[in-house]
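> pasting the structure only:
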Ligand SMILES: *Cc1c(COP(=O)(O)O)cnc(C)c1O
């Protein structure tokens, strides 16, 4: 067929030779997915991932990433979302409708708490918050209309490690699925299904990406029925991810365990150093005895990653600890973790959590991949600003 220039710019005849292979999986970018013929279009099936119908419903790139993420957790199914928070929303919208009840830990990732409050305010869902150390006692909170229990281990600011097996057992006895936000462990320090979770959620934004350069979330399940319910919500909410971001997460996975262990070693070095400092009343790191739920961490976890918090002595004012934070030069002031750069964030824990009214300022550290001794030297000079 003779083609004019406009057409030939779009319809090229060139086909590259076959037989190409390389380690990185291909990056397939698509909104439209082409069907071979009408019959193939009519029988197209994306729900069981045996075929492709539209970019939103998956490409070889996203299917490959999903399979690799499910394998880390020992799960069978995985769905991607454009952020960790979008993955949380997918779970809530998949399992909660008007009249239902959801239980969340008091120390839950704050935007999840906000979403719970929104569902309660505008969607007729009851959202109740439980003491993260409640353990088997959660059985007493579960009502006939409870449809979902959230757990997070540890809480990512105050660091309490819950008794996950006890919470999951109690929920299972009442037939209520448990969704575990396993971002902190990345599926490396703890596998969510091993402690009885039914749905495991990750912010891939953190360790899986490792670059602090993208946002993505994942929801992993073993039971096909749970995955189906999630896939419906995923499709209805239109939670697609970009091919290049999916590729970048895949690029991070081979080094994730090495990075996680390096973050872990660095954080333990810094946490141990803080323990000897007179300015600090408590080191909230699950591997240290000060941390509520330390025994649960010891029993259930095999590592800890780069995140921990310290409580300053209440004799230091907020202005003083703010000066300390601002004086740090190797720690960026910002949210998140899992990237190469160390981060710091101050929290008025007294104001945001009940039961902490005697606590001083809480400062959370994410230990990056710098030399821990350089980080300690930076903290040491910044501590001098407390009394400046
Ligand atoms: C970062 C994070 C999220 C949300 O991930 P985003 O990709 O930033 O939306 C959820 N839960 C925990 C525990 C997190 O740390």
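Good, I have the coordinates. Keep in mind that what you see is a predicted model, and the values were worked out from it rather than measured. Numbers count the residues shown, from 1 in each chain.
> In the stretch 151-300 of the chain, what residue comes closest to the ligand?
Here the stretch 151-300 of the chain gets closest to the ligand at one residue, residue 203, 3.1 Å apart by Cβ to the nearest ligand atom. For every residue, glycine as well, the C-beta is placed using N, CA and C.
> Just to check, that residue is in contact with residue 83?
Yes - using Cβ atoms under 8 Å, residue 203 makes contact with residue 83 at a distance of 7.3 Å.
> shared neighbours of the two, anything?
Common contacts of residue 203 and residue 83, defined by Cβ atoms under 8 Å, 6 or more residues apart in numbering, comprise 216, 217.
> Grab the nearest non-local neighbour of residue 195.
residue 164 (4.1 Å; Cβ to Cβ, 6 or more residues apart in numbering).
> Tell me how many other residues surround that neighbour.
Other residues within reach of residue 164, judged by other Cβ atoms under 10 Å, total 26.
> can you offset everything so residue one is 27?
Taking 27 as the first residue, the last one we looked at is residue 190.
> where does it land on pLDDT?
Residue 190 is assigned a predicted lDDT (pLDDT) of 98.
> Who are the contact partners of it?
177, 179, 206, 216, 221, 222, 223, 322, 326.
> The fourth one: what secondary structure?
Secondary structure for residue 216, judged by DSSP: H, G, I helix; E, B strand; the rest coil, is coil.
> Quick check: closest non-adjacent residue to it.
residue 327 (5.0 Å).
> how about that neighbour, phi and psi?
Per-residue torsions, residue 327: phi -110, psi 160 (degrees, to the nearest 10).
> Model confidence at it, what's the number?
98.
> Now do it against the ligand, distance only.
For residue 327, the distance to the ligand equals 15 Å [Cβ to the nearest ligand atom, to the nearest Å].
> quick one: average pLDDT of the helix or strand hosting residue 287?
According to DSSP states H and E, residue 287 maps onto helix 282-301. With pLDDT averaged residue by residue, helix 282-301 scores 98.
> can you check stretch 43-54 too?
In the prediction, stretch 43-54 has an average pLDDT of 95.
> Over to stretch 368-379?
92.
> which parts of the helix or strand bottoming out on mean pLDDT in the chain are buried?
The least trusted helix or strand in the chain, going by mean pLDDT, DSSP states H and E, turns out to be helix 375-378, with a mean of 86. By 16 or more other Cβ atoms under 10 Å, the buried positions in helix 375-378 come out as 375, 376.
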